[in-house]
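In: what's the 3D shape of this:
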Amino acid sequence: MKKYFSLNLILFIVLLAGTTLTIFIIYKDIDTPLSLKVIIGYVIYLFYMVCSPSF
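Out: Numbers count the residues shown, from 1 in each chain. Have a look, this model is predicted:
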């Protein structure tokens, strides 16, 4: 049980960091290839977090 709790905590922290970074990129209107890759990766990760049954 503790293993799943720590894994969910790590995934939740990554989700919050990705959300913060994505909002910052959109707010500052940063238009670089790296920022586009970060946002696409965040959307894929967000889709995984929403569809995963463990969260």
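
In: what's the helix or strand for residue 13?
Out: Secondary structure assignment for residue 13, by DSSP states H and E: helix 2-27.

In: what's around residue 40, how many residues?
Out: Residue 40 has 10 neighbours, counted by other C-beta atoms under 10 Å. Bear in mind the C-beta positions are built from the backbone N, C-alpha and C, glycine included.

In: over to residue 25?
Out: 18.

In: and the gap between it and residue 51?
Out: Going from residue 25 to residue 51 by C-beta to C-beta, to the nearest Å gives 24 Å.

In: kindly report the same for residue 16.
Out: In terms of C-beta to C-beta, residue 16 sits 18 Å off from residue 51.

In: on that earlier part again, mind giving me the packing neighbours of the helix holding residue 13?
Out: On a contact count with 3 or more C-beta pairs under 8 Å, 6 or more residues apart in numbering; DSSP states H and E, helix 2-27 meets helix 33-51.
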